[in-house]
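Student: give me a 3D structure for the following:
(chains A, B, C and D, ligands or ions: 6)
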Amino acid sequence: MKPPMTINLSADICGIKLVNPTILPAGFLGTTKEILKRVANSGAGAVTIKSISSVARDGHKNPTVLMYEAGMLNAVGYSNPGVKAAANEFSNIGEIGVPVIASIIGTEADDFLKVIDGFGDLLSKSKDSSSRFSAIEIPLSCPHTPGFGTLAGQSTPEATSEIVSAVRKKCGLPLFVKLSPNVPDISKLAMVAQDAGADAITAVNTMGPGMVINIDAREPVLDFKVGGVSGAALRPIAVRCVFDIYKAVEIPIIGVGGISSGRDAIEMMMAGASTVGIGTAIYDRGIDVFKGVTDEMSDWMTNNGVGSLNEIIGAAHK
Amino acid sequence: MKPPMTINLSADICGIKLVNPTILPAGFLGTTKEILKRVANSGAGAVTIKSISSVARDGHKNPTVLMYEAGMLNAVGYSNPGVKAAANEFSNIGEIGVPVIASIIGTEADDFLKVIDGFGDLLSKSKDSSSRFSAIEIPLSCPHTPGFGTLAGQSTPEATSEIVSAVRKKCGLPLFVKLSPNVPDISKLAMVAQDAGADAITAVNTMGPGMVINIDAREPVLDFKVGGVSGAALRPIAVRCVFDIYKAVEIPIIGVGGISSGRDAIEMMMAGASTVGIGTAIYDRGIDVFKGVTDEMSDWMTNNGVGSLNEIIGAAHK
Amino acid sequence: MSEQIEMVKICKVIEEAESVRTFIFSHKMDFAPGQFIMVWIPRIDEKPFTVSYHTQEEFGITVFRLGEFTKRLYSMNVGDQIGVRGPYGNGFNVSGKACAIGGGVGMAAIVTLATERDDIVIVQGAKTAVSLLYRERFPNMVMFTDDGTEGRRGFPTDYLSQLQEKHKFEKIYTCGPEIMMKKVLDFCLSRGVQCEASLERYMKCGVGVCGQCVCDGFRVCTDGPVFSADVLSKINDFGRYSLSKSGKKVNV
Amino acid sequence: MSEQIEMVKICKVIEEAESVRTFIFSHKMDFAPGQFIMVWIPRIDEKPFTVSYHTQEEFGITVFRLGEFTKRLYSMNVGDQIGVRGPYGNGFNVSGKACAIGGGVGMAAIVTLATERDDIVIVQGAKTAVSLLYRERFPNMVMFTDDGTEGRRGFPTDYLSQLQEKHKFEKIYTCGPEIMMKKVLDFCLSRGVQCEASLERYMKCGVGVCGQCVCDGFRVCTDGPVFSADVLSKINDFGRYSLSKSGKKVNV
Ligand SMILES: Cc1cc2nc3c(=O)[nH]c(=O)nc-3n(C[C@H](O)[C@H](O)[C@H](O)COP(=O)(O)OP(=O)(O)OC[C@H]3O[C@@H](n4cnc5c(N)ncnc54)[C@H](O)[C@@H]3O)c2cc1C
Ligand SMILES: Cc1cc2nc3c(=O)[nH]c(=O)nc-3n(C[C@H](O)[C@H](O)[C@H](O)COP(=O)(O)OP(=O)(O)OC[C@H]3O[C@@H](n4cnc5c(N)ncnc54)[C@H](O)[C@@H]3O)c2cc1C
Ligand SMILES: Cc1cc2nc3c(=O)[nH]c(=O)nc-3n(C[C@H](O)[C@H](O)[C@H](O)COP(=O)(O)O)c2cc1C
Ligand SMILES: Cc1cc2nc3c(=O)[nH]c(=O)nc-3n(C[C@H](O)[C@H](O)[C@H](O)COP(=O)(O)O)c2cc1C
Ligand code: FES
Ligand code: FES
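Tutor: Ligands and ions are numbered 1, 2, ... in the order given. As a prediction, the model looks like this:
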């Protein structure tokens, strides 16, 4: 009999150490420090705050979130209390206990810089890593909020380059650029982001947008009519995006889209992701999904004699 | 008590009369006249032949089709016997008993014309409608076959315009242009197709492409690695595309993507489709899905006092 | 019902009090007292409402005319259609000799609980007589009004010791203004009586993903809305903060 | 197993005849005799194979070394991995006193049927002695060889009347070269004996959507591969045409 294996699930993204590769992505539950603590305690390797803009936004009217049999649609519309309130909420960030990623949004490059200013020391590289965010993430890819993401043309190579460069100059923390799957050539965009100074690519944001109509009401269900599609529907698209990006760039990838089991997480990592985001699966599996996925990964690794994540990352390219 | 309602399910697309709005889309089962007869007898209002190129193609190696929990991936790669064999197979086309749509493909505009030539009288408007195809469909939108569709740039406005114009000049039959959901602006493309002479828009082809990796094999499952995504995963995207196109053009729309129930079909029609394609649902519900969907539509219409499809088409825009 | 919104027609409207109406739908629903549904008025908004009436064949909600959304809902008539999804959240845990103390919107949760457990002592507090709810459904209800126009004068929480002496409750349920619930909780903790309170927070998704309704590390929509005393006593936000529509922390 | 491809390891290899091997996998499978699975060799191809061996804990396939794909498969060893999905298709309908006539690849379906129904008379035809399969598993098998090197000389179909006189079969199953199956069918139709034949067609999806395997209005992968006499007698393509990889009609 073989001796029992030691499975090492620790992950690394741009030098940030995670006890496991699962990350809470932006927009899920990241409204307060206390709820992020709960997610961390439930097993997430890292967490992301809900995207923050310079001033408060109410977002779209409800319904903003909608389940359908193959996933979820949402048009939350970036509701957030603005950077001032957020900076206050996330002071003493070290209490959360795992690395925290700051997702920030803006309409023009300048807006992103205002948010960085607003967070002050929380985004200052010179601070001790336990008293600040571990990384900054800029989603250039929301498909349902006028003024932001794809609706504002932020997913063109030109805009991506401009915004990434500006943020890069302003903030010394690891910079993650979150891309949309709804672009003609995601590898190219990843290369543009890399060249402009991104330290990692987060792939992907929601796809579409899509629409669900309630036929008895004869109306689209989401108040904004259309919303980004996440969950199982998105997974094969996200896996293909990560696979393509892995071939194109040197920087690591955070794979996000429809992951809900250990097998799904391993699939995404074999496509090339170094860590994985888990959002929509919280709906089905609860906040414990992070521990569930990690346990399932560990079981598969044990059964397959795989001791560490390095043997998995990019394995489908060989 | 109200008198029992008469439900009229008959549909019209470019003057072609259908007993009901369900259509077998290209690529499903359309290999022989006999199998199309079976589909027609199982309740389809119209059927489409598997896309035909000027010369025979073996397509991609297997696996070419793959189910996953939210839909289907395929990279069939346009296997087809070429137009000569197809013209032979589909002689006496009237036997099929419902309108038959000829899906034709090519790499350059010229190739499309060769296929039209190859079909001869079967695509001649001067022939009696029961001894020829009822319409011609050109998919400019396959996401997984080198030389065709999106991989050949056929979904740019320029290429769309060029190919549609060329086919328009050559063939007098109603011309359906099938679009990809993976384009930056599908309304614009629909307008370009309309301006170039399209009589209807078929929306949509498969999305993506996507990828599924078998983690135990550490390999993408499809032999072509990536494939177009259809089924439930695609439905909200398809509904949104149809909704957008309906606002943009005057010509009718054939709505395709993830329809598997009467409610799904009505949803697609409320978004703006005049008729609907049903493909992937054959996997779950069998060939009888056409009758099933039609019966379910009829039940809903009865319960909601809706007598004809005209009251449904585009209803979500009001 | 389920995750998908279902359109349901109003089959009955009951005038409960000034600016308060109950709407009944003839629609089956699997339901436990304390759960809520999301109510959609197309093109307007979608908001959470406690199920206040429930039989084998019907369910109902009680609407307090407040802002834009409830004005629309309040003015609806028999035959009008709304969309509903749910029910969501947990329900009350029923056990032992119990009392249920409610006020305002909170009474909705109290009455379905009392319908299932007819030995529960129901206590209602209101500003004034015309605001008292569900009097016909529960003739034995113990009533308090701030102005003494009906029942006893004052807040129910002022008489907690007295009630407890008399009935020796093993458990007290409460749903209503958070200040009232906080007092009930403190009372129960000091007396070693079990307690469950149903919280209200601004909600969006209703299914535990958006983070809008959080109260410390809990999602009111999914982990609640009913919480037990031992959890509540650890929730710092209880009685203090909630998140506004944008996510800003505001005082409750 | 299921719609998802599962990777399974070869746990045993059996030499059946010249260029024919059976591969056994220790993997459970819900299965009815006559069904097939799709076998995937990553980066090579994926093709249909009849399940030729089935117990509670194991299943197996018998591989005839023919072209590119079967050469690869044939040369695999214990511990090697392949992907499988399925089983697909219908199975045989078991009833009455029966005979099963097979030849070549077709024997795979015959033997799992005979394993479940040990009263079936098995008849095998082969070119020559070394091509005969499964002799150890079924010592009572009636054998024919074209060259008379083992069993009777000639085709099983030449002796159909004789066999029928002797055994008075209520039903005859057949799987093998289509010309053989066509003869069995014609015989059964003329004698009023029930008949089921298992067809082989080029397959791609295996699940009834691509149209590659069609035979008149039927999909061999989903409506078949087993068809009854009344259906077969109406299929014009049976014994005549199949579709090549591109979809071209070719003679069988
Ligand atoms: C679990 C739960 C159960 C509820 N049950 C009932 C009920 O049975 N009957 C009833 O009349 N009301 C109930 N409410 C409150 C109700 O959802 C809103 O108060 C109501 O929709 C008021 O909205 P408005 O647009 O009319 O007024 P607004 O002027 O928009 O709001 C008035 C106040 O209601 C609250 N509110 C508004 N929108 C929401 C929202 N989306 N989620 C939560 N609170 C909100 C805020 O505190 C706000 O200050 C419940 C709320 C929750 C969280
Ligand atoms: C329902 C069914 C059950 C089968 N069971 C077995 C079995 O138990 N054992 C076995 O050895 N073979 C079986 N086959 C045939 C097997 O799938 C192929 O013959 C085999 O893969 C040969 O492929 P090749 O690449 O080695 O040879 P090739 O040179 O490619 O093909 C040889 C011949 O095999 C047939 N063939 C090839 N590919 C396919 C395909 N994808 N689908 C169907 N026929 C094909 C063609 O008639 C071709 O002329 C079965 C086929 C079907 C349809
Ligand atoms: C309700 C909801 C809200 C979201 N909000 C944000 C957001 O604020 N910022 C962002 O970058 N991504 C946001 N996303 C996208 C997710 O972070 C994630 O990229 C996407 O949902 C795919 O992952 P999943 O399938 O695991 O959910 C949101 C997604 C959902 C469903
Ligand atoms: C296996 C398969 C083969 C297909 N082949 C073609 C094709 O040859 N030509 C074409 O225009 N579309 C083809 N399509 C796309 C379908 O016609 C249809 O647009 C798509 O599947 C969405 O509809 P559905 O979700 O109902 O399947 C194919 C789709 C599948 C799944
Ligand atoms: S309302 Fe979204 S988490 Fe509770
Ligand atoms: S193999 Fe595709 S329909 Fe049978």
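Student: next, count neighbours for residue C:24.
Tutor: The tally of other residues near residue C:24 (other CB atoms under 10 Å in any protein chain shown) stands at 18. Just so you know, the C-beta spots here come from the backbone N, C-alpha and C atoms, and that holds for glycine as well.
Student: helix/strand/coil for it?
Tutor: strand (DSSP: H, G, I helix; E, B strand; the rest coil).
Student: pull up the gap between it and residue C:71, please.
Tutor: Distance, residue C:24 to residue C:71, using CB to CB, to the nearest Å: 20 Å.
Student: partner residues bridging the closest residue in space to residue A:45 that isn't next to it in sequence?
Tutor: Excluding the flanking residues, the one nearest residue A:45 by CB to CB, 6 or more residues apart in numbering or on different chains is residue A:18, at 3.6 Å. Residue A:18 has these beta-bridge partners by DSSP bridges: residue A:11.
Student: hmm, residue A:10 and residue A:18 touching each other?
Tutor: Yes. Residue A:18 is in contact with residue A:10 according to CB atoms under 8 Å; the separation is 6.6 Å.
Student: which one of the two is surrounded by more residues?
Tutor: Comparing residue A:18 with residue A:10 by neighbour count (other CB under 10 Å), the higher total belongs to residue A:18, at 21 against 12.
Student: mind checking how far the more buried one is from ligand 5?
Tutor: 24 Å (CB to the nearest ligand atom, to the nearest Å).
Student: show me what contacts the closest residue to residue A:318 other than its chain neighbours?
Tutor: Closest residue to residue A:318 apart from its sequence neighbours, by CB to CB, 6+ apart: residue B:218 at 7.1 Å. Residue B:218 sits next to A:270, A:315-316, A:318 when contact means CB atoms under 8 Å, 6 or more residues apart in numbering or on different chains.
Student: and for residue A:246?
Tutor: A:253, A:271-273, A:314, A:317.
Student: ok, and the closest non-adjacent residue to residue A:272?
Tutor: residue A:246 (2.6 Å).
Student: which of the contacts of residue A:246 ranks first by neighbour count?
Tutor: residue A:273 (35 neighbours).
Student: I'd say that residue and residue A:313 touch.
Tutor: Yes. Contact criterion CB under 8 Å: residue A:273 and residue A:313 qualify, at 7.0 Å.
Student: residue C:111: how many residues sit nearby?
Tutor: 27.
Student: skipping its backbone neighbours, what lies nearest it in space?
Tutor: Closest to residue C:111 by CB to CB, 6+ apart is residue C:134, at 5.1 Å.
Student: so that neighbour belongs to a helix, correct?
Tutor: No. Read with three-state DSSP, residue C:134 is coil and lies in no helix.
Student: which other residues reach the helix or strand containing residue C:63?
Tutor: Using DSSP states H and E, the secondary-structure element containing residue C:63 is strand C:59-64. Strand C:59-64 is contacted from outside by C:12, C:14, C:16, C:19-25, C:27, C:29, C:31, C:37, C:39, C:49-54, C:70, C:73-74, C:104-105, C:107-108, C:133, using CB under 8 Å, 6+ apart.
Student: low-confidence stretches in chain C?
Tutor: C:1-2 (pLDDT under 70).
Student: centre-most residue in chain C?
Tutor: Closest residue to the average C-alpha location of chain C: residue C:106 at 3.2 Å, with CA atoms, centre = their mean.
Student: pretty sure that one contacts residue C:179?
Tutor: No. Residue C:106 is beyond contact range of residue C:179, at 11.7 Å (criterion: CB under 8 Å).
Student: measure whichever residue of the stretch 1-150 of chain C sits closest to ligand 5 to residue A:223 for me?
Tutor: Residue nearest to ligand 5 within the stretch 1-150 of chain C: residue C:48 (7.9 Å; CB to the nearest ligand atom). Taking CB to CB as the measure, residue C:48 falls 15 Å from residue A:223.
Student: which positions in the stretch 151-252 of chain C make contact with ligand 5?
Tutor: Proximity of the stretch 151-252 of chain C to ligand 5 (CB under 6 Å from any ligand atom) is limited to residues C:203-206, C:208-213, C:219, C:221.
Student: what is the nearest of those residues to ligand 6?
Tutor: Looking across those and measuring by CB to the nearest ligand atom, the closest to ligand 6 is residue C:209, at 38.7 Å.
Student: can you give me the end-to-end span of stretch C:193-210?
Tutor: 34 Å (CA to CA, to the nearest Å).
Student: any idea how far that stretch is from the chain center?
Tutor: Mean-position distance between stretch C:193-210 and its chain equals 10 Å (CA atoms, centre = their mean, to the nearest Å).
Student: kindly report the same for stretch C:222-238.
Tutor: Distance, centroid of stretch C:222-238 to centroid of chain: 15 Å (CA atoms, centre = their mean).
Student: how many neighbours does residue A:172 have?
Tutor: 12.
Student: same deal with residue C:65?
Tutor: Residues near residue C:65, counting by other CB under 10 Å, number 14.
Student: still on that earlier bit, and the strand holding residue C:63, which strands flank it?
Tutor: Using DSSP bridges, strand C:59-64 pairs in its sheet with strand C:20-25 (antiparallel), strand C:45-54 (antiparallel).
Student: ok, which of these comes nearest ligand 3?
Tutor: Taking these one by one with CB to the nearest ligand atom, strand C:45-54 is closest: 14.2 Å.
Student: can you list the buried residues in the closest one?
Tutor: C:45-54 (16 or more other CB atoms under 10 Å in any protein chain shown).
Student: looking at these, which is nearest chain A?
Tutor: Ranked by distance to chain A (CB to the nearest CB), those are led by residue C:46 at 3.8 Å.
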